[in-house]
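sharing a sequence plus its predicted fold:
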Amino acid sequence: MSFKIVEQATPRLNRCELSVPGSSPKLFEKAAAGDADVIFLDLEDAVAPDDKADARKNIIQALNDIDWGNKTMSVRINGLDTHYMYRDVVDVVEQGGERLDLIMIPKVGTAADVYAVDMMVTQIETAIGRKKRIGFEMIIETALGMQNIHEIAAASPRNESLHFGVADYAASTKARTTQIGGPNPAYAVLTDPDDAGGREVHWGDMWHYAIARMVVAARANGLRPIDGPFGDFSDDDGYKAQANRAAVLGCEGKWAIHPKQIPLANEVYTPSAAEVDKAKRILAAMDEAQKAGKGAVALDGRLIDIASIRQAEALVKQAELIG
Ligand code: GLV
Ligand code: MG
């Protein structure tokens, strides 16, 4: 281990993060009764400019009045380049009450963006005597944000998670796609011809670099990496494939832009009983090995060593949080 200890953000379940437009209060009760770990009430892109003021009021009322159970509650404010953002922060933090856990900052481009929101939130929290510190979720969804992701991730002790906003990221990088998330058949390679001259098309994941980079920046700063939206809510298999490949790289959860996607994210991001059992067996085997003065042993015909303990502990800890 490095001499530098990476402090971990407040631990929270974040398997599924449901987005709910602040301009649609009729959806709030259903969201509160659902199974998403985190809900973000949106003031940004799901809300038309003329509806921003009403959406703010709806959100403030809902944070105070609705029973959100044990969900983590977040509000996505507008970007720092708009004139809505300061009023979002002032009104929501002043009037949202202690039920507000997180603020989601979209289109973060530099560490100074985080600093600016931190300064505002800190002043308001102090002025109103809030008991609980509000945390930050940051959407990485521009080329600038992806370039500066490491400084952004380290910019505030309020930071809890990084989110990959694939739709805006595609727009910002001028990537060739018009759908929200998912693969593009043009991002593929051809195998060399086989003996009969046949060639196969192997699709690639055009978002691999972005997600892998986000995972590194998040984990190096003790934050949760979360995969963003998948727009085709009639394609369950497509959603699960996207969720799985992000989970494999280290993401802890994925957005749902429709309630249909909540159970899919929960399924992918809840370790299976078999995985938890295997992790526990690894811990038991390594315990025995260490008592016998060994650093590595074989389990089920495979090598396990001290690094396996850390992997297994992370999985068991996640299962305990869910349980
Ligand atoms: C989310 O905000 C996205 O742009 O994908
Ligand atoms: Mg976006």
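Sure, I can see it. Residues are numbered from 1 along each chain as shown. Ligands and ions are numbered 1, 2, ... in the order given.

state the phi and psi torsions of Gly182.
Main-chain torsions, Gly182, degrees, to the nearest 10: phi 90, psi 170.

surely it touches Asp232?
Yes. Here Gly182 reaches Asp232: they are 6.7 Å apart, a contact under CB atoms under 8 Å. For glycine as for every other residue, the C-beta is placed from the backbone atoms N, C-alpha and C.

between those two, which one's more packed in?
Looking at Gly182 and Asp232 with other CB atoms under 10 Å, you find the greater number of neighbours at Gly182, namely 18 against 15.

can you tell me how far that one is from Tyr239?
9 Å (CB to CB, to the nearest Å).

spit out the residues that contact Gly182 and Asp232 alike.
Contact criterion CB atoms under 8 Å, 6 or more residues apart in numbering; residues shared by Gly182 and Asp232: Gly238.

next, the buried residues of stretch 70-90.
Of all the residues in stretch 70-90, those buried under the rule 16 or more other CB atoms under 10 Å are 71-80, 82, 84-85, 87-89.

contacting residues for the residue in the chain positioned nearest to ligand 2?
Nearest residue of the chain to ligand 2, counting by CB to the ion: Asp168, 3.6 Å away. When contacts are counted by CB under 8 Å, 6+ apart, Asp168 touches Asp45, Pro106, Lys107, Ile139, Glu141, Thr142.

please apply the same query to Ile59.
Gly22, Leu41, Leu43, Val75, Val92, Gly96.

what's the following helix or strand after the one helix or strand it maps to?
Element membership for Ile59, per DSSP states H and E: helix 52-65. For helix 52-65, the following helix or strand on the C-terminal side (DSSP H and E) is strand 72-76.

need the CA coordinates for that following strand. CSV is fine.
The C-alpha coordinates for strand 72-76 follow below in CSV (Å, rounded to 0.1, in the frame of the first residue of the first chain):
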residue,chain,number,x,y,z
THR,A,72,-30.8,8.3,-0.5
MET,A,73,-32.2,11.5,-1.9
SER,A,74,-30.4,13.7,-4.4
VAL,A,75,-31.3,16.7,-6.5
ARG,A,76,-29.7,17.4,-9.9
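
touching ligand 1 at all, that strand?
No. Using CB under 6 Å from any ligand atom, strand 72-76 never reaches ligand 1; the gap is at least 8.0 Å.

tell me the residues of the stretch 101-250 of the chain that contact ligand 2?
Residues of the stretch 101-250 of the chain found near ligand 2 (CB under 5 Å from the ion) are Glu141, Gly165, Asp168.

could you show which parts of the chain are in contact with ligand 1?
Pro106, Ile139, Glu141, Gly165, Val166, Ala167, Asp168, Gly228, Pro229.

let's see if you can find the most crowded of those.
Counting by other CB under 10 Å, top hit in the residues of the chain next to ligand 1: Gly228 with 28 neighbours.

the spatially most central residue of the chain is in what secondary structure piece?
Closest to where the C-alpha atoms of the chain average out (CA atoms, centre = their mean) is Ile226, at 2.1 Å. Assigned by DSSP H and E, Ile226 falls within strand 224-227.

would you tell me what the next helix or strand after that strand is?
helix 236-249.

could you say what helices and strands that following helix packs with?
In terms of contacts (3 or more CB pairs under 8 Å, 6 or more residues apart in numbering; DSSP states H and E), helix 236-249 is packed against helix 208-220, strand 224-227, strand 253-256, helix 262-269.

returning to what we had before: now, among the contacts of Asp168, which is nearest to Tyr269?
Of all these, Ile139 has the smallest distance to Tyr269: 18.6 Å, by CB to CB.

who does the closest one bridge with?
On DSSP bridges, the residues paired with Ile139 through beta bridges are His163.

which residues does it contact?
Arg76, Met104, Ile105, Pro106, Lys107, Val108, Gly145, His163, Phe164, Gly165, Asp168, Gly228.

what does the model give the residue nearest to the first one when sequence neighbours are not counted for pLDDT?
Closest residue in space to Arg76, ignoring its immediate chain neighbours: Met104 at 4.1 Å, by CB to CB, 6 or more residues apart in numbering. Met104 carries a pLDDT score of 98 in this model.

any idea what sits nearest Ile39, other than its immediate chain neighbours?
Excluding the flanking residues, the one nearest Ile39 by CB to CB, 6+ apart is Leu18, at 5.0 Å.

my guess is that neighbour contacts Gly34, does it?
Yes. Using CB under 8 Å, Leu18 is in contact with Gly34, at 6.8 Å.
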